[in-house]
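In: Here's my sequence, what's the structure:
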Amino acid sequence: MSVSERSPAAAGNGESNALARSYREAFRRNAPGYLFLAPWLIGFFCLTLGPALGSLYLSLTDFDLLQTPNFVGLQNYVRMATADPKFVSAMRVTFLYVVLSMPLKLGFALAVAMMLNRGLKGLPIYRAVFYLPSLLGASVAIAVLWRQLFAADGMVNSMLAIIGIEGPSWISNPRYSLYTLVVLSVWQFGSPMIIFLAGLRQIPTDMYEAASLDGASASRQFWKITLPLLSPVIFFNFVIQTIEAFKAFTPAFIVSGGTGGPINSTLFYTLYLYQEAFGNFRMGYASALAWVLVIIIAIFTAFSFLSTRYWVHYDE
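Out: Take a look at the predicted model:
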């Protein structure tokens, strides 16, 4: 065979070898980065993505933790939509909790942040004190304390008795039980308050000075300067706090003793999911409930981002 006939193959092998060498050199250069990323990648695939896909499969089965799961298709989702009154109750209670707690929590957090933004002495101490409930509020101990405070013979009714008011049994009365959890949520205002305070510190003071010279009142400055410039921070807190409200579990579990009572008045969606999974051992149905919650949160988040064009104002 002539040299001219062998040269194309030799040239092709040379290009392949050069490409392989370049890949090896690129891998050696990037190996430290891959090594540092490895813990996160292992955690993501093994502890997040893998279990999520597993729960998606289980949502299509009748798995009960004891027997081999049998594929039932969309039967769990059909039952949820047509033959499960507790699912409807859990949805109603959860949405009511979100609608009540989230605006009150953000409004109170913004009010406290604006108060602290006036340059109070000892500001770091105030920030720490106000942030403390956010660290403790989701704990079991605080939920137990809350149950004692709003019991029939608790501190709240004792204080009302001093001024001649006979308070109800807040926890055991279905008319008031959910509102005690709303108050607990509002009490945990520290995290959004810190974020609001950071956002307020970024608003230029000369804008308020110019508005004052033009005769703008304090309320007009709030609506025309503070809220528009703070809207990205409000949007961030709005999304995060609403998602957290959808996922609330510990307060309802402790206050109701895990039952969601009285009369399902504190039956949060996550609590009902827990009952189905670890109380009734219907793990397949509980997985379907979990995926419905994921879809609800995803729809809410997508709608929130789509609405930003109408009320969130960025620098550009």
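
In: shaky segments in the stretch 201-316 of the chain?
Out: 315-316 (pLDDT under 70).

In: For it, just list every one of the helices.
Out: Using DSSP state H, counting those that start in this stretch, the helices assigned to the stretch 201-316 of the chain run over residues 205-213, 218-221, 227-246, 250-255, 269-274, 283-311.

In: swap in the stretch 51-200 of the chain?
Out: Going by DSSP H, counting those that start in this stretch, the stretch 51-200 of the chain shows helices at 75-82, 85-116, 123-136, 140-149, 155-162, 177-187, 190-201.

In: Dump the helices of the stretch 201-316 of the chain into JSON lines; add distance to Ala113 and mean neighbour count as well.
Out: Where C-beta positions appear, they are placed from N, C-alpha and C, glycine not excepted. As requested, the helices of the stretch 201-316 of the chain are exported to JSON lines (distance: least, Cβ to Cβ, whole Å; neighbours: other Cβ atoms under 10 Å):
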{"stretch": "helix 205-213", "distance to Ala113": "16", "mean neighbour count": "12"}
{"stretch": "helix 218-221", "distance to Ala113": "16", "mean neighbour count": "12"}
{"stretch": "helix 227-246", "distance to Ala113": "9", "mean neighbour count": "18"}
{"stretch": "helix 250-255", "distance to Ala113": "24", "mean neighbour count": "22"}
{"stretch": "helix 269-274", "distance to Ala113": "29", "mean neighbour count": "22"}
{"stretch": "helix 283-311", "distance to Ala113": "19", "mean neighbour count": "16"}
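
In: wait, which of these is closest to Leu178?
Out: Leu178 lies closest to helix 250-255 among the helices of the stretch 201-316 of the chain, at 8.8 Å (Cβ to Cβ).

In: From the contact counts, what lies against that closest one?
Out: Taking 3 or more Cβ pairs under 8 Å, 6 or more residues apart in numbering; DSSP states H and E as contact, the helices and strands that helix 250-255 lies on are helix 140-149, helix 177-187, helix 269-274.

In: again, only using 6 Å
Out: For helix 250-255, the packing partners by 3 or more Cβ pairs under 6 Å, 6 or more residues apart in numbering; DSSP states H and E come out as helix 140-149.

In: What residues of the helix it packs on count as buried?
Out: For helix 140-149, burial by neighbour count (16 or more other Cβ atoms under 10 Å) applies to Ile142, Ala143, Leu145, Trp146, Arg147, Leu149.
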